[in-house]
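Visitor: Sequence first, then the predicted structure, then my questions.
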Amino acid sequence: MTHTAQLAELRRADEPRFGGKSANLGELIAAGIPVPPGFAVAATAHRRVGDEPVRAEISRRYAALGEPPVAVRSSAVGEDSADASFAGQQESYLWMCGADRVWDAVRDCWASLHSREALAYRARMGGPEEPAMGVTVQAMVDAAVSGVMFTCNPVNGDPSTVAVNASWGLGTAVVGGEVTPDEYRVSKVTGEVIRRTIGPKAIEYVRGAARSDVPAERQKVACLDEEQLGALVEVARRVERHFGSHQDIEWALDRDGSLFVLQSRPVTAVRKRDAGPARSAVEIVMGRFGADRR
Amino acid sequence: MPDFPSPFSIETPAGCDGWQEMYPYWSVFDERRRESDENRLWFWNSQHFPFPMPPFDMVEVDHPYYTLGGWQNRAFAVPPAMGVDYRVVNGYVYISPNPVTDPDKIAERAGYFQKRAGYYFENWEDLYRGWRSKMEALNREVESIVVPDLPEYEPDEVVFGERNLSNIDLLRAYSHTLRCAEMMWQHHFEFLLLGYGAYLTFAEFVREQLPDIPDQHISQMVAGIDVVLFRADAELRRLARLAIDTDVDGAFVEGRSPAEIDADLSESEDGRRWLDELERIKDPWFNMGTGDGLYHYYGSWHDDPSIPYASLTGHIEALKAGKDVERPTEKLAKERDRLAEGYGAVLDEESRPAFQELLGLARTVFPLVEEHKFYCDYWFQSRFFNKVREFGALLAKHRFIDDGEDIFNLSRHEAMEALEELSLTWSTGSQALGPQHWPPIVARRRELLERLGEWTPPPALGAMPEAVSDPIVVMLWGITPQRLAEWASAEDGGELSGAAASPGEVEGPARVVRGLGDLDTVRAGEILVCTITSPAWAPIFSKITATVTDIGGIMSHAAIVSREYGLPAVVGTGRATARIRTGQRLRVDGSAGRVTILDDS
């Protein structure tokens, strides 16, 4: 097995070979965070796309996983994690069933590197002509509720709160901006829900990535309760602690209520709070009285 | 931005012409100061003076403002702020800060301020210890002042010893009493600005770094656990247990007066022992106030023991029902540390040291911020006003006034005049004019104060300022551009906003309570709507479902107690008691600081 690896085997150092997403998921697993099982395809395999051994290796990995429905996503090398916006240029193929469909999806990921949008993006951002691209293959989570959370308040930068967006079904609806999700602001310090805004969650993506209308009586119901929010905040704390920086985490709750993290990226565009020059408490108080030391 | 009404445009309520004669000549809006007075902002200091001022109680206006200004402007030289001016309008106190605007002057003052305030911050604990001793000494001093009777013949010591003539001692005693009040206010403001400043700087720093933090977490991180204000009730809980243990609790029947309970207790040996124990804690714990200190009609538990007796009866009942009546001090302390550690941990390395240092300083200064109320506003004030009552009783005995309480309808200077005439006519044996002079004046003022009490003062007068730069005004009165804009736009549509003091949302009927006398009208399940609360109100917090006050911030008594009882509270709405009527249905959102009148008509 030279072109693939189990996600659980990967660490940060594997990023050049397997891409940021796969390496990151490996890190999360190592930190004890629940992540759907799966495997990674190395970026080097890309240039050998015609090779039967690559395809056979992917099939064997898929069989070892138990041939479940999977999500196939690109895992770019060198730009995924910090340069979050590039991730949006890449493809996700959900609910892929059977070794043939998985192989097609892997090839489609590679092909997306040459999409007009990706080329234009690289031209603008000055990326490499021919970037390297790994692929992540993960068991699908049959999500009852999913969403995104930030380990700080993304608007005002408050590091003491976790901001959770959540909606019914798969995360596609939230990430793609197709619904106005529920918004929760939860204190990391006390676990209290500081703010709760229930969104009109009109549609959801369910098993098979099918888009469907949410019945009226479920639209304005909070899709997370205190206990589920508590579990999310606990995971947010652990992920933040593991990476040592604020994270933007995609997550899903399956129909049995188990929580999975699907992806975690550093938050880049958050307002940095200026603590000012280092001053003693008395100096700060003096300043409050209009007596700054000059 | 619209300006507020000109202070010179305020009409006198019907039947109140000549109200100005109750107050010092310098205290009113006067044509000779029109130009400067009309072009600055004045706001009603409803926080300290919610009611029209009885003439004697102007002591509580003049003394604070000349000691506040003394410390702030002349001693510490707070760079951008001199003192606070006041004016009386229709009996109500309006104030206005005096800013320093010249940059060179500000820089010059900063030099003084750093050196002098720095000395206080560096030596806070020692200085505060010294402060407590001098306040206790002052409280005992005012209590020990002897108001001499005026006898037919002077005692022998006047002739054969060094004792003063009684009328001379009388005048000296009166001056001494007033000088004690000045001293109290001097002590009161000595540290207070620096203490508030340090606390509020911490609060602002935390809000800047952690914008989502609930206000109550900020105060919880700082508030003391075992502060003097809670000790009085702790003693009552101990006495409640003692009553049960020694089997004398049967004397405490709801509805009985303290005198009836005492009479019942004094019939048994154990009962008398319990009463002795109560006697022992009265000094100092019965100096707890029944109001917020600044009016003569607020007393202490000494003056109105029905308050501590009601608490005793309540504690005994709860204990017998197997309930835990202790303040959960251990839990509170643990929570305080958990919050401090938790918030410290989420901050980055650049801001964490400042957070910890500011928290440390805030905790150092906070005992004074919390405890000065007991030493000054409760203990001293109740002793001071009772001493003044002794002079009132003497004037009444000589028929200068009908009743001792009438002395509060004279200004402090007029009371001196009356005492001087009494001194003169007692010594000469001639006829005094006072008995014909003062009673009609007192009667007119009683009428004036009653009528002025029905008038609702506008929150602000004069010009809208470009900016509110005086740190003291922001700290002590919460005057922010936002608050001024709210005042200027006045319309409310059945909604009031205030500080979110204790979280939760509740709907229910309102009960407007204007003073201690109305407390027994409160029924279980009602929402308390009041001007302000004090420790004396403790017994009703177990009945009500939420609290709404006109006055106060997140550190006010109502806010602290509501949090302890887990009741939603919105404080500092400015006009809840004027706007809400008993029986109206309210929704109180203590998390958002909003009160909605649901059946407004």
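Guide: Perfect, thanks for sending it.
Visitor: Which residue would be the closest one in the stretch 1-150 of chain A to chain B?
Guide: For the stretch 1-150 of chain A and chain B, the shortest gap (Cβ to the nearest Cβ) falls at A:F150, measuring 12.0 Å. Every C-beta, even on glycine, is put in place using the N, C-alpha and C of the backbone.
Visitor: can you give me the strands for chain B?
Guide: B:41-44, B:81-89, B:92-99, B:460-462, B:495-497, B:499-502, B:505-513, B:527-530, B:546-549, B:569-571, B:585-589, B:594-597 (DSSP state E).
Visitor: Can you lay out the ones you listed as CSV showing mean neighbour count, distance to B:E420 and mean pLDDT?
Guide: Putting the strands of chain B into CSV (neighbours: other Cβ atoms under 10 Å in any protein chain shown; distance: least, Cβ to Cβ, whole Å; pLDDT from 0 to 100) gives the following:
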stretch, mean neighbour count, distance to B:E420, mean pLDDT
strand B:41-44, 22, 35, 92
strand B:81-89, 21, 25, 95
strand B:92-99, 21, 28, 94
strand B:460-462, 23, 37, 92
strand B:495-497, 18, 49, 85
strand B:499-502, 25, 48, 80
strand B:505-513, 19, 41, 93
strand B:527-530, 27, 41, 93
strand B:546-549, 28, 42, 93
strand B:569-571, 31, 45, 90
strand B:585-589, 21, 53, 94
strand B:594-597, 20, 51, 91
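Visitor: Helix, strand or coil: sort out the residue in the stretch 151-294 of chain A positioned nearest to chain B for me.
Guide: Of all residues in the stretch 151-294 of chain A, A:V189 sits closest to chain B, at 3.3 Å by Cβ to the nearest Cβ. Classification of A:V189 using DSSP: H, G, I helix; E, B strand; the rest coil returns coil.
Visitor: Now do the contacts for it.
Guide: A:V189 makes contacts with A:S160, B:H217, B:R338, B:L339, B:G342, B:Y343, B:V346, as judged by Cβ atoms under 8 Å, 6 or more residues apart in numbering or on different chains.
Visitor: From the chain's centroid, how far away is stretch B:149-161?
Guide: For stretch B:149-161, the distance from its own C-alpha centre to the chain's C-alpha centre is 41 Å (Cα atoms, centre = their mean, to the nearest Å).
Visitor: circling back: next one: the residue of the stretch 151-294 of chain A closest to chain B from B:F366, what distance?
Guide: 20 Å (Cβ to Cβ, to the nearest Å).
Visitor: Give me the phi and psi angles of the residue of the stretch 151-294 of chain A closest to chain B.
Guide: With angles defined as degrees, to the nearest 10, A:V189 sits at phi -80, psi -40.
Visitor: coming back round to it: for the residue of the stretch 1-150 of chain A closest to chain B, phi and psi?
Guide: Reported as degrees, to the nearest 10, the phi and psi values for A:F150 are phi -110, psi 140.
Visitor: That one contacts A:H246, correct?
Guide: Yes: taking contacts as Cβ atoms under 8 Å, A:F150 lies within contact range of A:H246: 6.9 Å.
Visitor: Quick one: residues contacting the closest residue to the residue of the stretch 1-150 of chain A closest to chain B other than its chain neighbours.
Guide: Nearest residue to A:F150 in three dimensions, chain neighbours excluded: A:A163, at 4.6 Å (Cβ to Cβ, 6 or more residues apart in numbering or on different chains). Neighbour list for A:A163: A:M149, A:F150, A:C152, A:N153, A:P154, A:V155, A:E183, A:Y184, A:R185 [criterion: Cβ under 8 Å, 6+ apart].
Visitor: how close does whichever residue of chain B sits closest to chain A get to B:F230?
Guide: Residue nearest to chain A within chain B: B:G342 (3.3 Å; Cβ to the nearest Cβ). B:G342 sits 25 Å away from B:F230, going by Cβ to Cβ.
Visitor: would you list the contacts of A:V189 in TSV and tack on neighbour count?
Guide: Listed next are the contacts of A:V189 as TSV, based on neighbours: other Cβ atoms under 10 Å in any protein chain shown:
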residue	neighbour count
A:S160	24
B:H217	22
B:R338	14
B:L339	20
B:G342	17
B:Y343	25
B:V346	21
